[in-house]
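S.K.: Here you go, sequence then predicted model.
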Amino acid sequence: MIQPELVKKQRILMAVLSVLIIVTIVIGMGLGYASLSYDRLIPTLLGQGTFKEEFVLFSIRLPRVFITVLAGMALALSGAILQGLTRNDLADPGIIGINSGAGVAIAVFFLFVPIEAGTFIYMLPLCAFFGALLTAILIYAFSYKKDEGLQPVKMVLVGVGFSMALSGVMIVLISSAEREKVDFIAKWLSGNIWGTDWPFIWALLPWLLVLIPFTLYKANRLNLLSLSEPVAIGIGVSIEKERIILLLTAVALAASAVSVTGGIAFIGLIAPHMAKALVGPRNQLFIPIAILLGGWLLLFADTLGRNLADPDGLPAGIMVAIIGAPYFMYLLLKK
(Lines give C-alpha, C1' and ligand atoms only; values in the text may rest on other atoms or scores of the structure.)
Protein backbone atom coordinates (compact mmCIF):
# COMPACT_ATOMS: atom_id res chain seq x y z
CA MET A 1 0.00 0.00 0.00
CA ILE A 2 1.50 3.32 -1.10
CA GLN A 3 0.91 6.18 1.31
CA PRO A 4 -1.49 8.83 -0.08
CA GLU A 5 0.96 11.58 0.92
CA LEU A 6 3.64 10.08 -1.33
CA VAL A 7 1.21 9.76 -4.24
CA LYS A 8 0.22 13.40 -3.78
CA LYS A 9 3.88 14.44 -3.62
CA GLN A 10 4.61 12.45 -6.78
CA ARG A 11 1.80 14.16 -8.70
CA ILE A 12 2.94 17.61 -7.56
CA LEU A 13 6.52 16.86 -8.62
CA MET A 14 5.35 15.54 -11.99
CA ALA A 15 3.37 18.73 -12.56
CA VAL A 16 6.37 20.90 -11.55
CA LEU A 17 8.74 18.96 -13.82
CA SER A 18 6.27 19.16 -16.73
CA VAL A 19 6.10 22.94 -16.31
CA LEU A 20 9.91 23.07 -16.06
CA ILE A 21 10.24 21.15 -19.34
CA ILE A 22 7.77 23.49 -21.06
CA VAL A 23 9.56 26.60 -19.75
CA THR A 24 12.95 25.23 -20.91
CA ILE A 25 11.46 24.41 -24.32
CA VAL A 26 10.13 27.97 -24.68
CA ILE A 27 13.47 29.47 -23.62
CA GLY A 28 15.35 27.13 -25.98
CA MET A 29 13.13 27.98 -28.95
CA GLY A 30 14.18 31.62 -28.75
CA LEU A 31 17.91 31.01 -28.26
CA GLY A 32 20.49 29.98 -30.81
CA TYR A 33 22.69 31.05 -33.69
CA ALA A 34 19.57 32.14 -35.59
CA SER A 35 17.59 33.90 -32.87
CA LEU A 36 13.81 33.97 -32.80
CA SER A 37 11.99 36.73 -30.94
CA TYR A 38 9.84 35.42 -28.09
CA ASP A 39 6.92 37.65 -29.04
CA ARG A 40 6.91 35.90 -32.43
CA LEU A 41 6.77 32.33 -31.06
CA ILE A 42 2.99 31.99 -30.79
CA PRO A 43 2.23 33.67 -34.17
CA THR A 44 4.86 31.43 -35.80
CA LEU A 45 3.41 28.31 -34.14
CA LEU A 46 0.01 29.33 -35.51
CA GLY A 47 1.42 29.65 -39.04
CA GLN A 48 1.63 33.44 -39.11
CA GLY A 49 5.41 33.79 -39.14
CA THR A 50 7.78 34.70 -41.94
CA PHE A 51 9.51 32.00 -43.98
CA LYS A 52 12.69 32.42 -41.91
CA GLU A 53 10.82 32.23 -38.58
CA GLU A 54 8.91 29.12 -39.60
CA PHE A 55 12.06 27.46 -40.94
CA VAL A 56 14.02 28.14 -37.73
CA LEU A 57 11.16 26.97 -35.49
CA PHE A 58 9.77 23.97 -37.36
CA SER A 59 12.87 22.68 -39.13
CA ILE A 60 15.59 23.40 -36.57
CA ARG A 61 14.38 24.10 -33.02
CA LEU A 62 11.27 21.96 -32.46
CA PRO A 63 12.65 18.65 -33.82
CA ARG A 64 15.80 19.04 -31.72
CA VAL A 65 13.77 19.87 -28.61
CA PHE A 66 11.52 16.83 -29.01
CA ILE A 67 14.47 14.52 -29.73
CA THR A 68 16.37 15.63 -26.60
CA VAL A 69 13.33 15.27 -24.33
CA LEU A 70 12.40 11.83 -25.69
CA ALA A 71 16.00 10.55 -25.63
CA GLY A 72 16.53 11.84 -22.08
CA MET A 73 13.37 10.03 -20.98
CA ALA A 74 14.51 6.79 -22.62
CA LEU A 75 17.99 6.95 -21.06
CA ALA A 76 16.60 7.73 -17.60
CA LEU A 77 14.14 4.83 -17.75
CA SER A 78 16.86 2.49 -19.01
CA GLY A 79 19.09 3.48 -16.09
CA ALA A 80 16.26 2.98 -13.59
CA ILE A 81 15.63 -0.54 -14.91
CA LEU A 82 19.33 -1.45 -14.85
CA GLN A 83 19.74 -0.19 -11.29
CA GLY A 84 16.75 -2.27 -10.19
CA LEU A 85 17.93 -5.40 -12.01
CA THR A 86 21.50 -5.26 -10.73
CA ARG A 87 20.69 -3.83 -7.29
CA ASN A 88 23.57 -1.48 -7.99
CA ASP A 89 23.28 2.31 -7.79
CA LEU A 90 26.13 2.78 -10.30
CA ALA A 91 24.40 1.01 -13.19
CA ASP A 92 23.81 3.19 -16.26
CA PRO A 93 23.68 2.22 -19.95
CA GLY A 94 26.52 4.63 -20.75
CA ILE A 95 28.78 3.52 -17.92
CA ILE A 96 28.38 -0.26 -18.24
CA GLY A 97 29.02 -0.40 -21.97
CA ILE A 98 25.55 -0.77 -23.53
CA ASN A 99 25.82 2.59 -25.29
CA SER A 100 29.28 1.63 -26.59
CA GLY A 101 27.87 -1.60 -28.03
CA ALA A 102 25.18 0.37 -29.81
CA GLY A 103 27.81 2.79 -31.08
CA VAL A 104 29.99 0.07 -32.59
CA ALA A 105 26.95 -1.42 -34.36
CA ILE A 106 26.02 2.00 -35.77
CA ALA A 107 29.63 2.58 -36.89
CA VAL A 108 29.75 -0.78 -38.70
CA PHE A 109 26.39 -0.09 -40.33
CA PHE A 110 27.35 3.45 -41.34
CA LEU A 111 30.81 2.54 -42.66
CA PHE A 112 30.22 -0.74 -44.44
CA VAL A 113 26.52 -1.13 -45.33
CA PRO A 114 25.16 0.58 -48.48
CA ILE A 115 22.76 3.20 -47.12
CA GLU A 116 19.53 4.38 -48.68
CA ALA A 117 18.35 7.76 -47.41
CA GLY A 118 14.76 6.60 -46.95
CA THR A 119 15.56 3.61 -44.69
CA PHE A 120 18.68 4.89 -42.92
CA ILE A 121 16.82 6.71 -40.15
CA TYR A 122 14.58 3.77 -39.28
CA MET A 123 17.36 1.17 -39.48
CA LEU A 124 19.59 2.98 -36.97
CA PRO A 125 17.56 2.09 -33.83
CA LEU A 126 17.42 -1.56 -34.93
CA CYS A 127 21.19 -1.70 -35.57
CA ALA A 128 21.86 0.00 -32.26
CA PHE A 129 19.51 -2.43 -30.50
CA PHE A 130 21.28 -5.52 -31.83
CA GLY A 131 24.72 -4.11 -30.95
CA ALA A 132 23.59 -3.12 -27.46
CA LEU A 133 21.83 -6.48 -26.97
CA LEU A 134 24.93 -8.48 -27.87
CA THR A 135 26.99 -6.35 -25.47
CA ALA A 136 24.42 -6.76 -22.68
CA ILE A 137 24.35 -10.55 -23.17
CA LEU A 138 28.15 -10.74 -22.90
CA ILE A 139 28.23 -8.49 -19.81
CA TYR A 140 25.48 -10.57 -18.19
CA ALA A 141 27.30 -13.83 -19.01
CA PHE A 142 30.59 -12.62 -17.54
CA SER A 143 28.85 -11.30 -14.40
CA TYR A 144 26.81 -14.44 -13.68
CA LYS A 145 27.81 -17.36 -11.47
CA LYS A 146 25.77 -20.53 -11.48
CA ASP A 147 25.70 -20.93 -7.71
CA GLU A 148 25.42 -17.24 -6.78
CA GLY A 149 23.45 -15.72 -9.66
CA LEU A 150 24.11 -12.23 -11.02
CA GLN A 151 26.81 -10.31 -9.16
CA PRO A 152 25.88 -6.59 -9.26
CA VAL A 153 29.31 -5.09 -8.50
CA LYS A 154 31.00 -7.42 -10.96
CA MET A 155 28.47 -6.43 -13.64
CA VAL A 156 29.45 -2.76 -13.36
CA LEU A 157 33.17 -3.57 -13.48
CA VAL A 158 32.74 -5.91 -16.45
CA GLY A 159 30.60 -3.26 -18.15
CA VAL A 160 33.27 -0.59 -17.71
CA GLY A 161 35.81 -3.02 -19.19
CA PHE A 162 33.58 -3.70 -22.18
CA SER A 163 33.03 0.03 -22.65
CA MET A 164 36.78 0.63 -22.85
CA ALA A 165 37.32 -2.34 -25.17
CA LEU A 166 34.53 -1.21 -27.50
CA SER A 167 36.00 2.29 -27.59
CA GLY A 168 39.19 0.70 -28.89
CA VAL A 169 37.19 -1.21 -31.51
CA MET A 170 35.58 2.07 -32.57
CA ILE A 171 39.01 3.67 -33.06
CA VAL A 172 40.13 0.75 -35.21
CA LEU A 173 36.95 0.99 -37.32
CA ILE A 174 37.29 4.68 -38.06
CA SER A 175 41.07 4.73 -38.52
CA SER A 176 40.82 3.84 -42.22
CA ALA A 177 37.40 5.35 -42.99
CA GLU A 178 36.62 8.32 -45.20
CA ARG A 179 37.02 11.76 -43.61
CA GLU A 180 33.33 12.60 -43.94
CA LYS A 181 32.24 9.40 -42.20
CA VAL A 182 34.87 9.81 -39.49
CA ASP A 183 33.49 13.29 -38.73
CA PHE A 184 30.00 11.84 -38.26
CA ILE A 185 31.18 9.08 -35.90
CA ALA A 186 33.35 11.54 -33.94
CA LYS A 187 30.29 13.73 -33.38
CA TRP A 188 28.30 10.65 -32.36
CA LEU A 189 30.96 9.67 -29.80
CA SER A 190 30.90 13.14 -28.23
CA GLY A 191 27.13 13.00 -27.74
CA ASN A 192 26.25 15.57 -30.37
CA ILE A 193 22.47 15.66 -31.01
CA TRP A 194 22.64 14.92 -34.72
CA GLY A 195 19.18 13.48 -35.42
CA THR A 196 17.48 16.87 -35.60
CA ASP A 197 14.68 16.28 -38.06
CA TRP A 198 11.11 15.03 -37.76
CA PRO A 199 11.73 11.51 -39.18
CA PHE A 200 14.13 10.83 -36.29
CA ILE A 201 11.30 11.58 -33.86
CA TRP A 202 9.03 9.08 -35.61
CA ALA A 203 11.88 6.53 -35.44
CA LEU A 204 12.28 7.02 -31.66
CA LEU A 205 8.72 7.68 -30.49
CA PRO A 206 7.21 4.17 -31.04
CA TRP A 207 9.82 2.58 -28.77
CA LEU A 208 8.86 4.94 -25.94
CA LEU A 209 5.10 4.61 -26.50
CA VAL A 210 5.42 0.84 -26.04
CA LEU A 211 8.21 0.52 -23.46
CA ILE A 212 7.27 3.24 -20.95
CA PRO A 213 3.79 1.73 -20.21
CA PHE A 214 5.33 -1.77 -20.24
CA THR A 215 7.95 -0.77 -17.64
CA LEU A 216 5.33 0.87 -15.43
CA TYR A 217 3.32 -2.35 -15.69
CA LYS A 218 6.41 -4.27 -14.57
CA ALA A 219 7.25 -1.81 -11.77
CA ASN A 220 6.15 -4.18 -9.02
CA ARG A 221 8.34 -6.93 -10.49
CA LEU A 222 11.27 -4.54 -10.30
CA ASN A 223 10.45 -3.93 -6.64
CA LEU A 224 10.63 -7.68 -5.99
CA LEU A 225 13.84 -8.12 -8.00
CA SER A 226 15.50 -5.47 -5.86
CA LEU A 227 15.12 -7.83 -2.89
CA SER A 228 17.59 -10.65 -2.29
CA GLU A 229 17.24 -13.61 -4.63
CA PRO A 230 16.03 -16.12 -2.00
CA VAL A 231 13.25 -13.72 -0.94
CA ALA A 232 12.19 -13.03 -4.53
CA ILE A 233 12.12 -16.78 -5.32
CA GLY A 234 10.15 -17.43 -2.14
CA ILE A 235 7.50 -14.92 -3.21
CA GLY A 236 7.18 -16.77 -6.52
CA VAL A 237 9.07 -14.52 -8.93
CA SER A 238 10.67 -16.20 -11.95
CA ILE A 239 13.91 -14.27 -11.53
CA GLU A 240 15.75 -15.18 -14.72
CA LYS A 241 12.69 -14.72 -16.95
CA GLU A 242 11.89 -11.28 -15.48
CA ARG A 243 15.53 -10.21 -15.65
CA ILE A 244 15.82 -11.13 -19.31
CA ILE A 245 12.56 -9.33 -20.23
CA LEU A 246 13.50 -6.19 -18.33
CA LEU A 247 17.10 -6.25 -19.58
CA LEU A 248 15.79 -6.36 -23.15
CA THR A 249 13.57 -3.39 -22.31
CA ALA A 250 16.50 -1.39 -20.89
CA VAL A 251 18.69 -2.22 -23.90
CA ALA A 252 15.95 -1.21 -26.37
CA LEU A 253 15.39 2.11 -24.60
CA ALA A 254 19.09 2.99 -24.45
CA ALA A 255 19.77 1.88 -28.03
CA SER A 256 16.84 3.80 -29.51
CA ALA A 257 17.97 6.96 -27.70
CA VAL A 258 21.68 6.89 -28.52
CA SER A 259 21.00 5.99 -32.16
CA VAL A 260 19.85 9.58 -32.70
CA THR A 261 21.64 11.48 -29.92
CA GLY A 262 25.07 9.87 -29.89
CA GLY A 263 26.99 8.46 -26.94
CA ILE A 264 25.45 10.16 -23.93
CA ALA A 265 26.17 8.77 -20.46
CA PHE A 266 25.13 9.70 -16.90
CA ILE A 267 21.48 10.63 -17.62
CA GLY A 268 20.51 7.09 -16.64
CA LEU A 269 22.59 7.43 -13.49
CA ILE A 270 21.52 10.86 -12.25
CA ALA A 271 17.78 10.93 -12.99
CA PRO A 272 16.81 7.74 -11.07
CA HIS A 273 18.90 8.81 -8.07
CA MET A 274 17.31 12.24 -7.92
CA ALA A 275 13.86 10.69 -8.28
CA LYS A 276 14.48 8.19 -5.46
CA ALA A 277 15.72 11.00 -3.23
CA LEU A 278 12.45 12.87 -3.86
CA VAL A 279 9.81 10.13 -3.50
CA GLY A 280 11.57 7.02 -2.24
CA PRO A 281 12.64 3.70 -3.81
CA ARG A 282 9.25 2.33 -4.90
CA ASN A 283 9.42 1.93 -8.67
CA GLN A 284 5.77 2.91 -9.15
CA LEU A 285 6.57 6.27 -7.55
CA PHE A 286 10.03 7.21 -8.74
CA ILE A 287 10.04 5.92 -12.35
CA PRO A 288 7.60 8.58 -13.68
CA ILE A 289 9.66 11.26 -11.88
CA ALA A 290 12.90 9.84 -13.30
CA ILE A 291 11.46 9.86 -16.84
CA LEU A 292 10.56 13.55 -16.61
CA LEU A 293 13.86 14.41 -14.93
CA GLY A 294 15.81 12.62 -17.65
CA GLY A 295 13.94 14.50 -20.37
CA TRP A 296 14.55 17.83 -18.69
CA LEU A 297 18.23 17.16 -17.88
CA LEU A 298 19.15 16.34 -21.48
CA LEU A 299 17.05 19.23 -22.79
CA PHE A 300 18.73 21.63 -20.36
CA ALA A 301 22.23 20.31 -21.17
CA ASP A 302 21.65 20.62 -24.93
CA THR A 303 20.07 24.09 -24.64
CA LEU A 304 22.99 25.29 -22.52
CA GLY A 305 25.65 23.60 -24.67
CA ARG A 306 24.46 24.86 -28.05
CA ASN A 307 24.40 28.47 -26.80
CA LEU A 308 27.80 28.52 -25.10
CA ALA A 309 29.81 28.57 -28.32
CA ASP A 310 28.77 29.76 -31.80
CA PRO A 311 27.84 28.43 -34.24
CA ASP A 312 27.86 24.72 -33.34
CA GLY A 313 28.01 24.93 -29.55
CA LEU A 314 29.19 22.16 -27.24
CA PRO A 315 27.80 18.61 -27.61
CA ALA A 316 25.10 17.66 -25.12
CA GLY A 317 27.14 14.59 -24.15
CA ILE A 318 29.99 16.79 -22.94
CA MET A 319 27.63 19.02 -20.96
CA VAL A 320 25.99 15.99 -19.32
CA ALA A 321 29.42 14.55 -18.52
CA ILE A 322 30.45 17.80 -16.82
CA ILE A 323 27.44 17.39 -14.53
CA GLY A 324 27.43 13.61 -14.27
CA ALA A 325 31.10 12.70 -13.78
CA PRO A 326 31.45 14.38 -10.36
CA TYR A 327 28.15 12.78 -9.30
CA PHE A 328 29.45 9.38 -10.41
CA MET A 329 32.63 9.87 -8.35
CA TYR A 330 30.53 10.88 -5.35
CA LEU A 331 28.43 7.71 -5.63
CA LEU A 332 31.53 5.58 -6.16
CA LEU A 333 33.11 6.90 -2.96
CA LYS A 334 29.83 6.68 -1.02
CA LYS A 335 28.94 3.12 -2.08
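M.R.: On my side now, so go ahead.

S.K.: Number of residues surrounding residue 3?
M.R.: If you count neighbours by other Cβ atoms under 10 Å, residue 3 ends up with 11. The C-beta positions use only the backbone N, C-alpha and C, and glycine is treated the same way.

S.K.: Same check on the one 4 residues further on?
M.R.: Residues contacting residue 7 under the criterion other Cβ under 10 Å number 13.

S.K.: Leaving aside the residues adjacent along the chain, what's closest to it?
M.R.: Nearest non-adjacent residue to residue 7, counting by Cβ to Cβ, 6 or more residues apart in numbering: residue 285, 7.5 Å away.

S.K.: Can you pull out the low-pLDDT segments for the stretch 1-150 of the chain?
M.R.: Applying pLDDT under 70 to the stretch 1-150 of the chain flags the ranges 1, 32-35, 115-121, 148-150.

S.K.: What ranges does it have for its strands?
M.R.: Assigned by DSSP state E, counting those that start in this stretch, the strands in the stretch 1-150 of the chain fall at 144-145, 149-150.

S.K.: can you give me how far the first one is from the chain middle?
M.R.: Going back to what we said before, that points to strand 144-145. Centroid separation between strand 144-145 and its chain, computed with Cα atoms, centre = their mean, to the nearest Å, is 27 Å.

S.K.: okay, and for the stretch 151-300 of the chain, where does confidence drop off?
M.R.: Residues of the stretch 151-300 of the chain that meet the criterion pLDDT under 70 lie in 194-196, 228-234, 236-237.

S.K.: part of a helix, is residue 193?
M.R.: No. Assigned with DSSP: H, G, I helix; E, B strand; the rest coil, residue 193 falls outside any helix and is coil.

S.K.: Surely it touches residue 67?
M.R.: Yes. When contacts are counted by Cβ atoms under 8 Å, residue 193 is listed as touching residue 67 (6.2 Å).

S.K.: Find residues that contact each of those two.
M.R.: Here residue 193 and residue 67 share the contacting residues 260, 261, scored by Cβ atoms under 8 Å, 6 or more residues apart in numbering.

S.K.: Could you report the separation of residue 89 from residue 45?
M.R.: 41 Å (Cβ to Cβ, to the nearest Å).

S.K.: Quick check, central residue of the protein?
M.R.: The residue lying closest to the centre of the chain (Cα atoms, centre = their mean) is residue 75, at 1.9 Å.

S.K.: I'd like to know how far it sits from residue 219.
M.R.: In terms of Cβ to Cβ, residue 75 sits 18 Å off from residue 219.

S.K.: again, but for residue 110
M.R.: 36 Å.

S.K.: Okay, helices next: where are they in the stretch 151-300 of the chain?
M.R.: 152-175, 179-189, 198-217, 219-225, 229-235, 239-261, 267-279, 283-308 (DSSP state H, counting those that start in this stretch).

S.K.: how about these in a markdown table, adding mean neighbour count and distance to residue 101?
M.R.: Below are the helices of the stretch 151-300 of the chain laid out as a markdown table (neighbours: other Cβ atoms under 10 Å; distance: least, Cβ to Cβ, whole Å):
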| stretch | mean neighbour count | distance to residue 101 |
| --- | --- | --- |
| helix 152-175 | 17 | 6 |
| helix 179-189 | 15 | 13 |
| helix 198-217 | 16 | 17 |
| helix 219-225 | 18 | 23 |
| helix 229-235 | 12 | 26 |
| helix 239-261 | 23 | 8 |
| helix 267-279 | 24 | 15 |
| helix 283-308 | 24 | 20 |
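
S.K.: Is it possible to get JSON lines of those that adds distance to residue 98?
M.R.: Formatted as JSON lines, the helices of the stretch 151-300 of the chain follow (distance: least, Cβ to Cβ, whole Å):
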{"stretch": "helix 152-175", "distance to residue 98": "8"}
{"stretch": "helix 179-189", "distance to residue 98": "15"}
{"stretch": "helix 198-217", "distance to residue 98": "15"}
{"stretch": "helix 219-225", "distance to residue 98": "18"}
{"stretch": "helix 229-235", "distance to residue 98": "23"}
{"stretch": "helix 239-261", "distance to residue 98": "5"}
{"stretch": "helix 267-279", "distance to residue 98": "9"}
{"stretch": "helix 283-308", "distance to residue 98": "15"}
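
S.K.: from what I can see residue 286 touches residue 80, true?
M.R.: Yes. If you go by Cβ under 8 Å, residue 286 and residue 80 touch, sitting 7.3 Å apart.

S.K.: any residues in contact with both of those two?
M.R.: 272, 275.

S.K.: Measure how far stretch 265-282 is from the centre of its chain, please.
M.R.: 13 Å.

S.K.: Now do the same contact list for the nearest residue to the residue nearest to the centre of the chain once chain neighbours are set aside.
M.R.: In this structure, residue 75 finds its nearest non-sequential neighbour in residue 267, 4.1 Å apart by Cβ to Cβ, 6+ apart. Going by Cβ under 8 Å, 6+ apart, residue 267 touches 72, 75, 76, 79, 92, 94, 294, 297, 298, 320, 324.
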